[in-house]
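> Predicted model, plus sequence, below.
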Amino acid sequence: MLVRLMYASRATAAPADGDLAAILKASREHNPAEGITGLLCFTDGVFVQVLEGGRNAVNARYKRIVEDTRHRDVILLGYEEIAERAFAGWTMGQVNLHRLNPALLLKYSETGKLDPYAMSGAAMSALFREMCDSGAIAVS
């Protein structure tokens, strides 16, 4: 059974240069063996991530994230059973906000700033789908 999970969290400390690249590299190396795909966005100290895969694998990964001391204020934005993956092309894609039209953020949020704590899970999910369609995802 496939599931999709979306969460947001705040970084406990500002990532040092190369930390985000290291997280993405590790995800891209380990995710295929676990059957996990998805997207990661990091901006202004906030992570937003979508994970897709088997229920057990996604649940286990989310549990590790919640327990990871690099995250605080972890909130679940969405969890659903899915028939197919929306982000199958990425072992872990990275959202490039510099490629994103600011009007797209205004379509789904109160301001032109990405703030998942002030958005519904449905709005965040729709925004991620549009980011894919607009080419705002860095290739993994």
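Yep, it's here. Numbers count the residues shown, from 1 in each chain.
> Quick check: end-to-end length of stretch 62-74?
Stretch 62-74 has its terminal residues 10 Å apart, counting by CA to CA, to the nearest Å.
> So, low pLDDT: which residues of this protein?
17, 90-94, 96-99, 135-140 (pLDDT under 70).
> list the contacts for the residue nearest the centre of the chain?
Residue closest to the average C-alpha location in the chain (CA atoms, centre = their mean): Gln49, at 1.6 Å. Under the criterion of CB atoms under 8 Å, 6 or more residues apart in numbering, the neighbours of Gln49 are 6-8, 38-41, 65. Any C-beta I mention is one placed from the backbone N, CA and C, and that applies to glycine too.
> and which of these is nearest to Ile23?
Closest approach between those and Ile23, by CB to CB: Leu40, at 7.4 Å.
> is it fair to say that closest one lies in a strand?
Yes: when classified by DSSP: H, G, I helix; E, B strand; the rest coil, Leu40 is found to be part of a strand.
> May I see the buried residues of the lengthiest strand in the chain?
What stands out as the longest strand in the chain, according to DSSP state E, is strand 71-82. By 16 or more other CB atoms under 10 Å, the buried positions in strand 71-82 come out as 71, 77, 79.
> For the last one, list the residues it contacts.
The contact partners of Tyr79, by CB under 8 Å, 6+ apart, come to 3-6.
> Any idea what it is bridged to?
Leu5 (DSSP bridges).
> List the contacts of Gly35.
53-54, 57 are the contacts of Gly35 under CB under 8 Å, 6+ apart.
> Brilliant, that's me finished.
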